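Q: Any chance you could fold what I've pasted below:
(chains A and B)
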Amino acid sequence: NAGVTQTPKFQVLKTGQSMTLQCAQDMNHNSMYWYRQDPGMGLRLIYYSASEGTTDKGEVPNGYNVSRLNKREFSLRLESAAPSQTSVYFCASSIGAGANVLTFGAGSRLTVL
Amino acid sequence: QKEVEQNSGPLSVPEGAIASLNCTYSDRGSQSFFWYRQYSGKSPELIMSIYSNGDKEDGRFTAQLNKASQYVSLLIRDSQPSDSATYLCAVNLPGNQFYFGTGTSLTVIP
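A: From the prediction side, this is the model:
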C-alpha cells in the first residue's frame, strides 16, 4: 500500500520555467491537498480539492494552478516559476468525512534559481 | 490573524520529563484537531486526533481540547530523545480545509 506518492522528489528550475508536481493516492480518499513548507512558516495550504471535480484556493494560491485529474490524482502546476516559490511541497489526502485525517506524501523539494 | 497559533519554541526538556505543547485557533467552526510530528527532512505524521472537549490519552501522549477557550494542548510524558522533532497543531474547518500552525521545535536532552 503506497499511500500518497509525489513526483519528483527534487527539482531545480530557472526563473520563468514551468513545471508540474504530480500526486497520486491509492487509499480511495475523496479530498486532496497541496501545501508548501518554508522555514518558520509551518505548512501553508495552496489549493485543495474536497472531492473529485472541485478545487478551491487555500492561503497562498497565487502563482499556482491545480488539476484534479481523477479521484486518485491531483497535480500542482507552476506556470512561471519565481525564486519565492523555492520551498518543500507536500501533497496530502483525507477520506473527507468522519474521522477525517490527513495523510502526507514524502514531499518534493523545489529550488528556483 | 493566522488560523492556528503555536509557540515556535524551541522547547527543551530533560529526558524523562513532561513536555507541554500549546496551540490556539481562531475559527469557532473548527471541527477536529490534530497533532502531527515532523522529523527534520521528513513529512508530518499523525500522532493524536481529538474531536470533543476533554482529554484523550494514547500511550505517553495526552491531547487536551477546550473549545470554549479555543485551545488545544499536547502533553508528552516520560520524554525520550526520539521525541525530538517539530510538533504541528492542525485544525479541520468546514469544507474539509486543514490549517496548520507554524510548529513547535522540541529537543529532549539525554
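
Q: pLDDT weak spots in the chain?
A: By default, I'm working from chain A. Low-confidence segments of chain A (pLDDT under 70): A:1.

Q: should've been chain B
A: B:1-2.

Q: what's near enough to touch the nearest residue to residue A:110 once chain neighbours are set aside?
A: Distances taken as Cβ to Cβ, 6 or more residues apart in numbering or on different chains place residue A:11 nearest to residue A:110, at 5.1 Å, with adjacent residues excluded. C-beta: built from backbone N, CA, C; applies to glycine. By Cβ atoms under 8 Å, 6 or more residues apart in numbering or on different chains, the contact set of residue A:11 is A:19, A:108, A:109, A:110, A:111.

Q: what pairs with the helix or strand hosting residue A:11, and is each one parallel or antiparallel?
A: For residue A:11, the element it lies in under DSSP states H and E is strand A:10-13. Strands that pair with strand A:10-13, judged by DSSP bridges, come out as strand A:108-112 (parallel).

Q: Not counting the partner strand itself, show me its contacts.
A: Contact partners of strand A:108-112, identified using Cβ under 8 Å, 6+ apart, comprise A:6-15, A:17, A:19, A:21, A:78, A:81-91.

Q: Among the contacts of residue A:11, which pair sits farthest apart?
A: A:19 and A:109 (12.7 Å; Cβ to Cβ).

Q: just to revisit the earlier point, show me which of the contacts of strand A:108-112 are buried.
A: Buried subset of the contacts of strand A:108-112 (neighbour count, 16 or more other Cβ atoms under 10 Å in any protein chain shown): A:6, A:11, A:13, A:19, A:21, A:78, A:81, A:85-91.
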